[in-house]
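**Student:** below are the sequence and a predicted model; questions follow.
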Amino acid sequence: MTVLVVQVVILAALVAALTLWFVCYPHPSPLVRRWLPERKRWPETQIRGWLKHGRFHSAFVHHFYRDPERQPPAGTSMLAPADGLVTSADVRAGTRYLVIALSLWDMHVQRSPLCGKVQSVQSHGEDFMDGEGREFAFLRDKPCPVQTRVVIASQTVEVAVRLITSLAARRIETWVNEGDDILRGQRIGRILLGSTVVLELPASANLLVKVGDRVLAGETPVADGVHSS
Amino acid sequence: MSDFFWIHGHLGWGWFAVLVFTGLWWLLSDFIWRLKNIRIQRLAMVMSAGWIIGIAIILLLSLVGSLH
């Protein structure tokens, strides 16, 4: 009898695991989620579904809100303001726009590229759109995506960081104010869910990254040739 | 072979092993499919072959066990 009970318990556990698999399919079962890389742990289709209904898996929310410490490298190079993929580094009217696209799985806290003083924090735009970094949509006058532009000036150079929303990302938090002194790599804000961050810097700056590179906020040097601290 | 399904008031160890192995193999297949960038046809072929070999071993062990 004892053997039968043990067998039934083992089979019941197995049936529970298979039921969980069936209920969660096509998304991963919670039993295997922890061993999967984050992109497969919470597939994009699942996150888009959550966005539609406004309800998120608590483990994903916890992962999304992570805010790890970052150690800025020594030197005076400008640092990436966000985690993500460099999708453009074009120059327009004497300004280089380093566009960093954040995915839904990237860390979403933005950091200052250099040491200086916050000159202004301005919000503008009225649209929520996807592909907000493409074709300089963020530079359009009125129908540009909702964004916050933080201008930071050091003794020798002025740069701006644009925190841009998307269809998925509808909220921006900024943690610095006009007149604040700011350190290189210091946290400046957060965009909620995947979007775009653009670093505006002088066209004369020597770019250290190229399109297709992955960068880390407050850690990856993206430009030098301008005195930044 | 009747011992395979039921023996002395509990499930036969052969049948029990087949059920547990099949369930775990299914879950393992799903896990590998998610973890690796592998074509589904290739994965299905490999995992099916693995399942057949596993079942064959269980049957063989059951047969050997029932002979003693």
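**Tutor:** Yep, that arrived. Numbering: from 1, shown residues only, chains lettered A, B, ... in the order given.

**Student:** C-alpha from now on. contacts and neighbour counts both.
**Tutor:** Noted.

**Student:** where's B:G54 relative to chain A, distance?
**Tutor:** According to CA to the nearest CA, to the nearest Å, B:G54 and chain A sit 18 Å apart.

**Student:** can you tell me how far that residue is from A:S77?
**Tutor:** Using CA to CA, to the nearest Å, B:G54 is found at 59 Å from A:S77.

**Student:** and the closest residue to chain B within chain A, what does it touch?
**Tutor:** Nearest residue of chain A to chain B (CA to the nearest CA) works out as A:L4 at 4.6 Å. Taking CA atoms under 8 Å, 6 or more residues apart in numbering or on different chains, we find A:L4 in contact with B:G9, B:H10, B:L11.

**Student:** and these as a markdown table, adding pLDDT and neighbour count?
**Tutor:** Shown next, in a markdown table, are the contacts of A:L4 (pLDDT from 0 to 100; neighbours: other CA atoms under 10 Å in any protein chain shown):
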| residue | pLDDT | neighbour count |
| --- | --- | --- |
| B:G9 | 81 | 10 |
| B:H10 | 84 | 18 |
| B:L11 | 85 | 19 |
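
**Student:** which one of these is nearest to chain A?
**Tutor:** B:H10 (4.6 Å).

**Student:** what's the closest non-adjacent residue to the closest one?
**Tutor:** For B:H10, ignoring the flanking residues on the chain, the nearest one in space by CA to CA, 6 or more residues apart in numbering or on different chains is A:L4 at 4.6 Å.

**Student:** tell me the contacts of residue 19?
**Tutor:** Chain wasn't specified; assuming chain A. Taking CA under 8 Å, 6+ apart as the definition, A:T19 has no contacts.

**Student:** if you could check chain B rather than the one you did, that'd help
**Tutor:** B:L19 touches A:L11, counting by CA under 8 Å, 6+ apart.
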